[in-house]
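Peer 1: here is my input; please provide its structure:
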Amino acid sequence: MWVSSLFGILFALSLIVFIFSLIVPVLIQQINKLDKSIPQLIVNLENVLNHLYYSILARFGWRREIIVFLNNLVSNIQTSAPSFALSSMFSIIKGLTALSALVITPIISYFMLVSRNYYRSSLKKFIYYVLGQPYLNVFIQIYEMSIGYIKGLLIIILLVTILTYIGFKIVGLDYSIIFAILSGLAYIVPYIGSIVAIIPPLFLAIAVNKSLLLTLEVGVVFISIHFIIGNIVAPLIFSKTININPLLALVAIIFFGELYGILGIIFAIPITGIIMIVYKNFEPILKNRREPND
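Peer 2: Just a heads-up that it's a prediction; the model follows:
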């Protein structure tokens, strides 16, 4: 058994190294190019806004509200765009650092896979003999739900990244691999991540190409991919592991986000799934205990 596990780990490690060797050099090149282009991108965006500014004034006249709004918009871009760009670069670097852990993870996983049956059976026996069968059932369901959720999330991130890269490449958006990776990683944060991830490519489409058509194409590509993934693919993947009503998921995201910030938003769905499993298993037990007292 250990031979097959070792072969699987070596194959996965080789595949990861091969993919990294193809993607990382291109990604670093695009990051360096984007970093050097940021000042010019800001200037281009200001020119586009100024053109919009005078077009609106020519059509609607010199209205104070329009002047104040556009002036504030330009000044906000001048002050916040550099810091936003730097924070985006740091986020990408942190993401790459986290992804580099995938090279070490298979090595550690090998030792865990070889002894996985022993650890699993030992933990099951401990829970069964100490806590009882109901707790063992809860543990098994939570374990299966967690593994299924992680696998499904990784599949969705990979699909979103690939489809976004292809779509952005087709419409001719620069730095498509950067925005594709950001779009995929943004899916870790349900709902909110997709909204945030669409801003940088739209900003680039306006600032670089100064094309309303390209901006619309980028928006259509992004929204279409996330609509298909969110409404068709994700329900198919998660239906067997974690079946949560969309309204309940949104309430959970808001609730845990208020309590724990970004970590609460990320883990809101699996935490809600665990709570539902616990309630589903122990609600009949608690109900039976109350009946004799009634």
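Peer 1: am I right that Ile177 is in contact with Gln30?
Peer 2: Yes. Using Cβ atoms under 8 Å, Ile177 is in contact with Gln30, at 5.9 Å. Heads up, the C-betas are built off the backbone N, CA and C, glycines and all.
Peer 1: which parts of the chain belong to which domain?
Peer 2: 1-114, 119-287 (automatic domain parsing).
Peer 1: least reliable of those by average pLDDT, please.
Peer 2: Here the domains of the chain differ in mean pLDDT, and the lowest is domain 1-114 at a mean of 60.
Peer 1: residue boundaries of the strands in the protein?
Peer 2: Counting by DSSP state E, one finds no strands in the chain.
Peer 1: do a quick rundown of the helices in it.
Peer 2: Shown for the chain, the helices assigned by DSSP state H span residues 2-60, 64-114, 116-130, 133-171, 176-186, 192-197, 199-204, 212-228, 234-238, 246-260, 262-266, 268-290.
Peer 1: tally of neighbours for Ile195?
Peer 2: Look at Ile195: counted by other Cβ atoms under 10 Å, it has 11 neighbours.
Peer 1: next: Val196.
Peer 2: 11.
Peer 1: quick one, what contacts it?
Peer 2: By Cβ atoms under 8 Å, 6 or more residues apart in numbering, Val196 lies in contact with 186, 189.
Peer 1: quick check: it vs Lys125, distance?
Peer 2: Val196 sits 46 Å away from Lys125, going by Cβ to Cβ, to the nearest Å.
Peer 1: against Ser146, how distant is the nearest residue to Leu248 once chain neighbours are set aside?
Peer 2: Nearest non-adjacent residue to Leu248, counting by Cβ to Cβ, 6 or more residues apart in numbering: Thr272, 6.8 Å away. Taking Cβ to Cβ as the measure, Thr272 falls 12 Å from Ser146.
Peer 1: ok, Val138 - contacts?
Peer 2: Contacts for Val138 (Cβ under 8 Å, 6+ apart) come out as 277-278, 281-282.
Peer 1: sorry, that was for Val160
Peer 2: By Cβ under 8 Å, 6+ apart, the contact list for Val160 reads 183-184, 187, 225-226, 229.
Peer 1: which of these lies closest to Ala205?
Peer 2: Distance to Ala205 across the contacts of Val160 (Cβ to Cβ) is lowest for Ser183, with 14.1 Å.
Peer 1: count the neighbours of that closest one for me.
Peer 2: 27.
Peer 1: distance check, it against Ile199.
Peer 2: Counting by Cβ to Cβ, the gap from Ser183 to Ile199 is 11 Å.
Peer 1: what's the answer for Phe238, then?
Peer 2: Taken as Cβ to Cβ, the span from Phe238 to Ile199 is 26 Å.
Peer 1: which one's more surrounded, those two?
Peer 2: More neighbours surround Phe238 than the other of Phe238 and Ile199, with 19 against 11 (other Cβ under 10 Å).
Peer 1: that one is in contact with Ile155, isn't it?
Peer 2: No. Phe238 is beyond contact range of Ile155, at 10.2 Å (criterion: Cβ under 8 Å).
Peer 1: the residue nearest to Leu248 reaches Ala252, doesn't it?
Peer 2: Yes. Counting by Cβ under 8 Å, Ala252 is a contact partner of Thr272 at 4.3 Å.
Peer 1: neighbour-wise, which of the two wins?
Peer 2: More neighbours surround Ala252 than the other of Thr272 and Ala252, with 23 against 20 (other Cβ under 10 Å).
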